[in-house]
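Undergrad: Okay, sequence plus prediction incoming.
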Amino acid sequence: MSELEKERAYAARCGTALRAMLDGARLNVVIGEQVAGDRYSAERLGRHLKSLAKELAEDTGGPPFFGRMDFGAGADAGDHRGRRYYMGRRHISGGVGEQPMVIDWRAPVARSFYRAGARSTQGIAVRRRFGWAEDELTGYEDEHLDQGEDLAGASRIVATEIERPRVGPMRDIVATIQPEQDDLVRAELEESICVQGAPGTGKTAVGLHRAAYLLYAHRQRLSRSGVLVLGPNPAFLRYISAVLPVLGEVDVEQTTLEHLLAGSPARADDSAAAAAVKHDVRMAAVLRRALYGRVRKPVEPVTVPDGSYRWRVTVEEFRRIVDDTRREATPYAVGRERVLSRVVSVLGRQAEARGQNLNAAWTRRMSRAAEPSVDAVWPAVRPEEVVAEVLGDPAVLMRAADGVLTPDEQAAIRRTRPPRTFKSARWSTADAVLIDEVAGLLQRTQGYGHVIVDEAQDLSAMQCRVIARRSEYGSITVLGDLAQGTTPWAARDWHDLLAHLGKPKARVIALTTGFRVPAAVARLANYLLDALEADVPPTRSFRTDGRVRVTRVSDLPDATVAAVRDALHHDGSIAVIAPTALVGLLTTALTTALTTALTGDGAAPGPPGTTDPAGVAGPADAADGHARVTVLPASLAKGLEYDHVIVAEPADIVEAEERGLNRLYVVLTRAVSRLDVLHSRPLPAGFPRSVDA
């Protein structure tokens with residue numbers, strides 16, 4: 001039997017063992033229901049067993065392992081001397097008393113697989129990587145590290161895995177994690193890190209794999225506090241949604257900041273000037289003033305009837321209670337409850353002096369009786385009520401913003417036609433951030449054990465504060481690229497943004513090796529960096545392939561159709577990325593042309609994918625025809641990737657927004673194999689005259 005046949009036989013045994021694990025987990029669920037014990041313990045055991053069975057049942061399949069480590073006999077191998085380990089996406093148990101057939105890529109010993117090299121073998125004599133086509137083992141590649149053999153960037157299997165066509169959602173990178181990525185993935189839970197990642201460096205994958213690693217290493221702690229992944233838009237979340245389940249982690253909340261705050265689409269739009277002010281960190285001071293401006297000095301005593309008695313808190317004592325509570329700087333709602341509790345405590349001391357029997361019913365009755373007096377000086381309030389008053393009442397806004405916002409800035413956010421009540425107000429996405437700020441002032445926000453923020457460079461200071469409230473007692477992983485900042489308030493320096501996130505001491509690490517972006521595209525992207533004035537290092541491509549074509553055309557729709565037809569002769573996904581104003585025109589042209597023509601293999605393609613009413617880009621259903629073509633506006637391209645990208649009219653993309661050249665930089669770097677740039681207008685300033693520049 002050849003070595004390849006032996007490895008295939010081992011893979012088959014792993015598949016059998018995995019099925020046995022599932023059968024055993026299901027049996028344990030049945031047995032667990034009959035286990036004697038207290039109700040709490042039985043419930044926890046049952047939940048754990050069902051969770052394990054569910055996780056195994058939902059396994060997405062795929063290769064059982066991707067690597068193998070054969071440790072040598074030297075002292076540097078430690079306790080692993082002479083042992084052999086297979087590495088995979090999940091643990092596969094061996095027989096009773098035997099070592100696992102496959103170890104989880106997150107296990108401590110797996111660190112050696114990713115970090116070993118000829119200079120530091122980590123005790124490994126031979127490192128083997130496996131090549132797979134679907135579920136079939138097609139080959140392997142050995143590195144004899146003990147003999148100084150280290151393929152490093154020349155691994156054929158690693159290169160093939162990185163370069164294979166991008167179809168469907170984002171894939172995991174467990175088979176290709178590089179040492180610098182592994183350092184970030186395995187960073188300690190207590191450490192907050194910021195990854196400045198050039199296009200294609202795998203920063204998103206690093207963040208997701210860090211989530212999976214932390215859940216593995218700190219399962220009990222994070223199962224209570226939770227892990228949150230924040231993405232820039234629903235299209236991006238849909239693209240990355242398969243990564244964590246493939247790695248065996250399904251209990252991770254993945255959402256956008258807008259959905260986290262509101263849960264429903266915004267019903268109002270802000271002007272550019274209003275949005276800029278609302279996202280400015282100074283609004284936090286304005287809202288705090290407006291909220292605590294509701295607290296007044298008592299001018300009347302608290303008088304409460306109790307049968308034939310009337311208990312009384314003097315004005316002076318009432319003022320002292322309010323002043324002392326304000327100095328304690330507790331959340332507003334907590335402060336109000338303390339004032340009420342302290343007032344009732346004073347009443348209780350008077351009642352006890354008269355021999356009154358104090359019990360829970362008496363305390364509740366006194367609280368209800370004293371509440372109107374407390375409301376008069378420290379009123380209960382809802383977050384929406386405060387924001388509506390600030391934006392709708394000029395006098396309130398002027399008092400709260402005095403010395404903080406200029407008159408023009410106040411005018412920009414002031415509503416010309418305020419709603420009759422806060423309940424009928426129509427809120428914008430920026431308003432949702434303000435409402436959350438007030439909610440955080442009222443009472444502490446429930447936090448997460450770890451928060452991962454992607455495309456963080458686009459966050460405003462106020463949005464950062466939303467995240468800071470949810471990670472106050474946890475850690476964060478910040479992912480982004482300053483060169484890809486497209487919002488008016490996009491960060492120009494990571495340290496300022498980290499301060500707003502409440503993690504000013506977070507470590508900032510730059511990833512500069514692009515594994516997704518080929519060399520030809522990286523050269524074009526690096527040329528634009530100077531025009532962007534972004535203080536980031538240029539991208540060094542892991543790959544030497546790629547193709548870039550810049551073509552001036554007279555008829556943009558016809559040229560786009562021709563480019564798509566040419567792209568259909570290659571494997572992989574295809575995206576037409578255009579200014580929003582041209583998306584409809586190009587979609588119509590492609591739908592008309594591709595539904596009446598044949599591709600090179602004789603299959604009739606259907607209409608290309610477009611954007612749905614919610615603004616989520618996605619391919620057309622395969623049942624309707626060809627599903628490889630997506631048409632999307634430049635504003636939704638961030639974070640996505642396609643094998644072949646066709647960029648239509650770059651000048652229009654640049655002119656569409658304040659940081660349009662940054663948007664163009666994002667669009668150009670979505671291509672992982674081939675890039676076509678079609679333009680009927682002159683190329684924008686900053687664009688190279690030659691793709692070889």
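TA: Cool, got the structure. Computed from a predicted structure; not experimentally measured.
Undergrad: quick one: the spatially closest residue to residue 464 that is not a sequence neighbour from residue 460, how far?
TA: Spatial nearest neighbour of residue 464, excluding adjacent residues (CB to CB, 6 or more residues apart in numbering): residue 500 at 3.6 Å. (Glycine included, C-beta is placed from N, CA and C.) For residue 500, the distance to residue 460 (CB to CB, to the nearest Å) stands at 9 Å.
Undergrad: which one of the two has more residues nearby?
TA: Neighbours around residue 500 and residue 460, counted as other CB atoms under 10 Å, are more numerous at residue 460. The numbers are 24 against 20.
Undergrad: Nearest residue to that one in space, ignoring adjacent ones along the chain?
TA: Spatial nearest neighbour of residue 460, excluding adjacent residues (CB to CB, 6+ apart): residue 279 at 3.4 Å.
Undergrad: try residue 240
TA: Sequence neighbours aside, residue 170 is the residue nearest to residue 240 in space, at 4.8 Å (criterion: CB to CB, 6+ apart).
Undergrad: Return the set of buried residues in stretch 345-359.
TA: For stretch 345-359, the neighbour count (16 or more other CB atoms under 10 Å) marks 346, 347, 348, 350, 351, 356 as buried.
Undergrad: does the third one belong to a helix or a strand, and which?
TA: Residue 348 belongs to helix 332-353 when assigned by DSSP states H and E.
Undergrad: for that helix, packing partners?
TA: If you count contacts as 3 or more CB pairs under 8 Å, 6 or more residues apart in numbering; DSSP states H and E, helix 332-353 packs onto strand 302-306, strand 309-313, helix 315-327, helix 360-377, helix 429-442.
Undergrad: of all the ones you listed, which gets the most neighbours per residue?
TA: Counting by mean count of other CB atoms under 10 Å, helix 429-442 has the highest mean neighbour count of the helices and strands packed on helix 332-353, with a mean of 22.
Undergrad: which outside residues touch the next helix or strand after that helix?
TA: For helix 429-442, the following helix or strand on the C-terminal side (DSSP H and E) is strand 450-453. Identification of contacts with strand 450-453 by CB atoms under 8 Å, 6 or more residues apart in numbering yields 189, 207-208, 210-211, 214, 222, 225, 227-230, 459, 467, 470-471, 474-480, 501.
Undergrad: how about a cut-off of 6 Å?
TA: Strand 450-453 has contacts (CB atoms under 6 Å, 6 or more residues apart in numbering) with 207, 211, 214, 227-230, 471, 474-478.
Undergrad: what pairs with it, and is each one parallel or antiparallel?
TA: Here strand 450-453 is paired, per DSSP bridges, with strand 227-231 (parallel), strand 475-480 (parallel).
Undergrad: Off-centre distance for the helix or strand just after that strand?
TA: Later in the chain than strand 450-453, the nearest helix or strand by DSSP H and E is helix 461-470. Mean-position distance between helix 461-470 and its chain equals 14 Å (CA atoms, centre = their mean, to the nearest Å).
Undergrad: same thing with stretch 386-397?
TA: With CA atoms, centre = their mean, you get 33 Å for stretch 386-397.
Undergrad: Just want the phi and psi numbers for residue 194.
TA: phi -120, psi 120 (degrees, to the nearest 10).
Undergrad: which residues does it contact?
TA: With CB under 6 Å, 6+ apart, residue 194 has these contacts: 478, 494, 498, 506, 508.
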